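Novice: this one's sequence-less:
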């Protein structure tokens, strides 16, 4: 969040005034802002797609998949973002995800 915008997040409570130092997801367009940020970071990673706070890596073979996973873990670090491996699911040949319910199929025409 821009330092000059922090005062706009002020909340008055019985024990004082509190301001957010970072953008919370309750603010208007925070989710879209975060998604744009993530998409700009992963733009060069083949077969990597972002949706809200999820990343999906779909590869044709294990070697390219390992390479793409390495990029997904290293590239965000360059921008101050850390991927939490405990929230990740690895080695799945199939996974229920939003795109598999019929949305965004055009991205997966080669799979």
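Specialist: Good, I have the coordinates. Note that the structure is a prediction, hence the values are computed from the model and not measured.

Novice: leaving out sequence neighbours, find the closest residue to the residue most central in space within the chain.
Specialist: Centroid-nearest residue in the chain, with CA atoms, centre = their mean: residue 53, separated by 4.1 Å. Spatial nearest neighbour of residue 53, excluding adjacent residues (CB to CB, 6 or more residues apart in numbering): residue 34 at 7.1 Å. Quick note: C-beta positions are derived from backbone N, CA and C, even for glycine.

Novice: number of residues surrounding that neighbour?
Specialist: As a burial measure, residue 34 scores 16 neighbours (other CB atoms under 10 Å).

Novice: relative to residue 46, how far out is it?
Specialist: Taking CB to CB, to the nearest Å as the measure, residue 34 and residue 46 are separated by 22 Å.

Novice: before we move on, what about residue 63?
Specialist: 12 Å.

Novice: low-confidence stretches in the chain?
Specialist: Residues of the chain meeting the criterion pLDDT under 70: 23-29, 97-111.

Novice: tell me the helices in it, going along the chain?
Specialist: Assigned by DSSP state H, the chain shows helices spanning 30-42, 62-74.

Novice: mind putting the ones you listed into TSV with distance to residue 12?
Specialist: Putting the helices of the chain into TSV (distance: least, CB to CB, whole Å) gives the following:
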stretch	distance to residue 12
helix 30-42	21
helix 62-74	41
